[in-house]
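In: sequence? don't have it. structure:
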Ligand SMILES: Cc1cc2nc3c(=O)[nH]c(=O)nc-3n(C[C@H](O)[C@H](O)[C@H](O)COP(=O)(O)OP(=O)(O)OC[C@H]3O[C@@H](n4cnc5c(N)ncnc54)[C@H](O)[C@@H]3O)c2cc1C
């Protein structure tokens, strides 16, 4: 096995210290759980001179609720997200997505922010967070600001962060009543499998009418994508099985996936429709639709 | 001697002590606690690392090799090429077609050209990258159709067909004319990687001049010794091979053991220092042997009563770059072509074809997985054509005692397939099975039978040896060349020894195979480890027992026939009061000068065959299996899940039911992987899926529900307690049972595996057959 290339490891214990380091070093990457970074380094896909281990930044841990919104610290592990009663209550779609990531071991080690910052087009938490309208708080020595989760993704395995920037928390707004979200994934076995396609849907209802719809798909383009066109076909309608079928069928023409070892483009297109349909059906039910 | 009657004829008991019971394996704790030592655990930190320089081309002439740039690197100690081999540069298994290090041409992406020996892993990798090989690429053949075309590029001089096989029996024309239904189709099965947990590894230590010790993962220490000696140009006794506990093998390490050990040995001997070669996962998946792909054209006919009247089968096996085990693999497919059914008219042809791809080789099932996939799909289709239940049609043709196989071999006893099939059908309530629909998901049921000749075929001599020593303290030391690969065969031997000598299991120590001290048991393959190896163990135990009984009888003052050995004690039958404990008995043997050691040797009954017709006695005995499988297919995504499996097997005699269940459950997972998940993708001969990320194998979550294993016991007269091998038979029936169940669920028959979600999805939409 190719050994890891050499690098210098830094282990700051305070966020400010970490941000200063990241600002000062030339060729640097942060490491959280390392479940993505280490394999990429071994394969020489990422080469940096300095690694800043952020695991000691205890201030970045934990899940809290502020004004009804969920705040998930960047270092929160996937297992912590999966087991959190707050997440189960406020963002069941995120819980579903995280439950599909890797194995127990991966989830014990990997972090939610790491899943996003790794910027894999197949990152399972991304579609769910996107339709939930989640934002990431980004910090650097220069300050801190919020960006929509979607905007963290710049290309396959490329995030939009500057080299001196860290994601410190993920913020998920409270969903209005009469709304619901859901996540669906198609892999190549029951677990520990990268998505062939994944999808999430958010549906808001006013009585029998759909008033808002947000759809996101992963593993189908260079980054997770949103399909605003589907919103147009759902909005103002009663979401009958036929209407849902029709809206999700429209995805076929909206996506332009690639062929790779996991699946052909054609199959991905077909599956995008199936998963979007399933996600809408589930989100619709959670929104109280059909009641 | 009737080995199946040891209990009645020799031990004079009607109860077993350990045989037939599920016992906790004596090696379980060490393995669970991580204390068991595998090859890499023996390698000290500063040992030199060997790296293989491999061809990046599927087919190319070598115009020159410049090793200087590598030698200039700081950590690199030596670079070895073909000219450095002291012995013969040839390591082919069945045919001499596989150079050990190539200097003329390379035949697949990964063909070895040089070995870099370096101080550490990093320098070895850099060194391998620095060796400059000048290639002149040749046109390549990447599938068997291309390879068989006129004027195709030749992988080896002499043509792309490595060998052919045939059987002619009865009159197929007459047979087909009597048929009410005739079906014909083409069945394609792909490569499968073994994906053992422990990749290939070897650690070689030079011992003075003219001796080398190699510790490695393997299935046949004596084959490894032979190949290492051959490469070094040494005598067999100059090479000492120790099999470390091996973390899974499935046939793969039978072929890879010699290749990897010989490389480490050459490096150690040339540098005069210990050297290790440990594959990473990528090397293992991309460059090690795989299950041979096969394409089988199968035509069969059955009459109104459902009797199969004729089969006409044509098998094309893809060797990849070297024949390796292809002759034995292809012969096995040819010989088993009818499946476990009596068919009087058969014509079978086989050919093994070279291509410029990674070479095929040994893998659990050894040809019978592909063969039964075709044969058992055909049987189901015949049943469909005749409107007959698939179980019923099978029962009308099934082998019974007195039946003759495709090769006209008379099966006079130990034929339990009828019972296997009837019992799984009963257990799964086959006749009242119901397809269920739940949203987009539908369930379906499939059945399949299988049979597998145990050990080697035709006239290849087949024997095994073992040794047993009663130590002064009453403990026993047992040695066998049969390898522990996770399957537990040596533990089975120990149970046989315990049963015969009355020694407690925990007092029997199984030594690791070491060619300097272990008797040659021949390879751990062909599901022969317990059957052949265990019978040699029985022979050793019987001989030692005679002496123990003789001395004990004298000490107890009773006739030999009345001595009972159990729980580490000798006593007089019916009078358990006066006992002699084994330490005391052992002491007495040594004191009287009675040998406390015994050597067991067992040879299987002779087999023979006629090369013209292919008829004869092929395998000394067969293991039979039947499975019923329930699957659930998602009609929207094509994703198939195996929901439940009902397994049955005629094992002759279950030495340990738990071990048998372990083999069956493991094989079912491997079979599920082969049928619906595992897909080795190649482009221009390059493996695109060299790791667990994209070469998807079933995980624990994909394990189906298991009905209790149905164990049928039709003892085989020539093996210890009547036991037959189980490792390979366990996987064979599962594959067609799954595809038959998929057909039952969705009416789609995929003749080309794997039936991945995407393939099934396309097939349901009529996009593929
Ligand atoms: C066996 C296995 C199976 C897997 N299965 C799945 C799966 O099914 N689905 C899936 O989506 N993923 C899967 N993954 C990927 C991985 O586990 C997740 O993406 C995980 O969430 C990454 O988190 P981490 O903390 O380990 O990230 P790391 O590896 O530590 O970091 C990943 C990247 O993000 C950057 N980074 C990390 N934290 C921050 C931060 N706070 N601010 C800025 N940048 C940061 C790092 O510099 C690096 O570039 C799998 C991985 C493995 C090894």
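Out: Done, it's in. These figures come from a predicted structure and were not determined experimentally. Numbers count the residues shown, from 1 in each chain, chains lettered A, B, ... in the order given.
In: make it CA atoms for all contacts and neighbour counts henceforth
Out: Noted.
In: Got phi/psi on whichever residue of the stretch 201-350 of chain B sits closest to the ligand?
Out: Nearest residue of the stretch 201-350 of chain B to the ligand: residue B:281, at 13.9 Å (CA to the nearest ligand atom). Taking degrees, to the nearest 10, you get phi -60, psi -40 for the backbone angles of residue B:281.
In: How many residues are close by it?
Out: Burial of residue B:281 is recorded as 19 neighbouring residues (other CA atoms under 10 Å in any protein chain shown).
In: pLDDT value on it, please?
Out: For residue B:281, the model assigns a pLDDT of 97.
In: Can you tell me how far it is from residue A:35?
Out: Distance, residue B:281 to residue A:35, using CA to CA, to the nearest Å: 17 Å.
In: How about the contacts made by residue 273?
Out: All of this refers to chain A. Residue A:273 is in contact with A:248, A:249, A:250, A:251, A:252, counting by CA atoms under 8 Å, 6 or more residues apart in numbering or on different chains.
In: hm, I was asking about chain B
Out: Residue B:273 makes contacts with B:48, B:205, B:206, as judged by CA under 8 Å, 6+ apart.
In: hmm, 7 Å instead?
Out: Residue B:273 makes contacts with B:205, B:206, as judged by CA atoms under 7 Å, 6 or more residues apart in numbering or on different chains.
In: Ok, residue A:206 next?
Out: Going by CA under 7 Å, 6+ apart, residue A:206 touches residue A:178.
In: Please report the distance of it from chain B.
Out: 27 Å (CA to the nearest CA, to the nearest Å).
In: ok, now residue A:66?
Out: Counting by CA to the nearest CA, the separation of residue A:66 from chain B is 37 Å.
In: Check the residue in chain B positioned nearest to the ligand and give its pLDDT.
Out: The ligand sits closest to residue B:693 of chain B, with a gap of 7.5 Å, by CA to the nearest ligand atom. pLDDT recorded at residue B:693 is 92.
In: hang on, residue B:22 packs against residue B:661?
Out: No: at 10.0 Å, residue B:22 does not count as touching residue B:661 under the criterion of CA atoms under 7 Å.
In: domain ranges for the chain?
Out: If you meant another chain, say so; for now it's chain A. Domains of chain A are assigned by automatic domain parsing as A:8-53, A:60-172, A:179-286.
In: right idea, wrong chain: chain B
Out: In terms of domains, chain B is parsed into B:3-36+B:463-603, B:40-138+B:200-278, B:364-458+B:617-765 (source: automatic domain parsing).
In: how about the ones you listed, which one is nearest residue B:191?
Out: Minimum separation from residue B:191 across the domains of chain B (CA to CA) falls at domain B:364-458+B:617-765, 6.5 Å.
In: How about that closest one and chain A, touching?
Out: Yes: contact of domain B:364-458+B:617-765 with chain A (CA under 7 Å from any CA of the partner chain) involves B:636, B:637, B:694, B:698, B:701, B:702, B:758.
In: quick one: contacts of stretch A:140-151?
Out: Stretch A:140-151 has contacts (CA under 7 Å, 6+ apart) with A:19-20, A:23, A:129-130, A:134-139, A:164-166.
In: can you list the residues that contact the helix or strand of chain A with the lowest mean pLDDT?
Out: Comparing every helix and strand of chain A by mean pLDDT, DSSP states H and E singles out helix A:228-234 as the least confident one, with a mean of 93. Identification of contacts with helix A:228-234 by CA under 7 Å, 6+ apart yields A:210, A:212, A:213, A:214, A:247.
In: Out of the residues you listed, who's the most crowded?
Out: Neighbour counts for the contacts of helix A:228-234 peak at residue A:213, which has 26 neighbours (criterion: other CA under 10 Å).
In: So for that residue, what's the pLDDT?
Out: Reported pLDDT at residue A:213 in the predicted model: 97.
In: In which helix or strand does the residue nearest in space to the middle of chain A reside?
Out: The centroid of chain A falls nearest to residue A:126 when counting by CA atoms, centre = their mean (1.8 Å). Assigned by DSSP states H and E, residue A:126 falls within helix A:125-131.
In: any idea of the mean pLDDT in that helix?
Out: According to the model, helix A:125-131 has a mean pLDDT of 98.
In: Is the very next helix or strand once past that helix in proximity to the ligand?
Out: Per DSSP H and E, the first helix or strand lying C-terminal to helix A:125-131 is strand A:135-140. No: Strand A:135-140 stays out of contact with the ligand when judged by CA under 6 Å from any ligand atom, the minimum separation being 7.7 Å.
In: average model confidence for the next helix or strand after strand A:135-140?
Out: Next helix or strand after strand A:135-140 toward the C-terminus (DSSP H and E): strand A:143-148. Looking at strand A:143-148 alone, the average pLDDT works out to 97.
In: chain center to strand A:143-148: distance?
Out: 17 Å (CA atoms, centre = their mean, to the nearest Å).
In: how much does it deviate in direction from strand A:135-140?
Out: For strand A:143-148 against strand A:135-140, the angle by axes from the mean of the first three to the mean of the last three CA atoms, to 10 degrees is 150 degrees.
In: Identify the residue nearest residue B:431 in space, chain neighbours excluded?
Out: Distances taken as CA to CA, 6 or more residues apart in numbering or on different chains put residue B:425 closest to residue B:431, at 7.4 Å, once the chain neighbours are dropped.
In: whoops, I mixed them up, residue B:198
Out: In space, and not counting its chain neighbours, residue B:198 is closest to residue B:247: 4.7 Å by CA to CA, 6+ apart.
In: got a list of what that neighbour touches?
Out: By CA under 7 Å, 6+ apart, the contact set of residue B:247 is B:196, B:197, B:198, B:485, B:486.
In: again, but for residue A:7
Out: Contacts for residue A:7 were tallied using CA under 7 Å, 6+ apart; they are A:48, A:49, A:50, A:51.
In: Within range of chain A, give me the residues from the stretch 1-150 of chain B.
Out: By CA under 7 Å from any CA, the part of the stretch 1-150 of chain B that sits against chain A consists of B:121, B:122, B:125.
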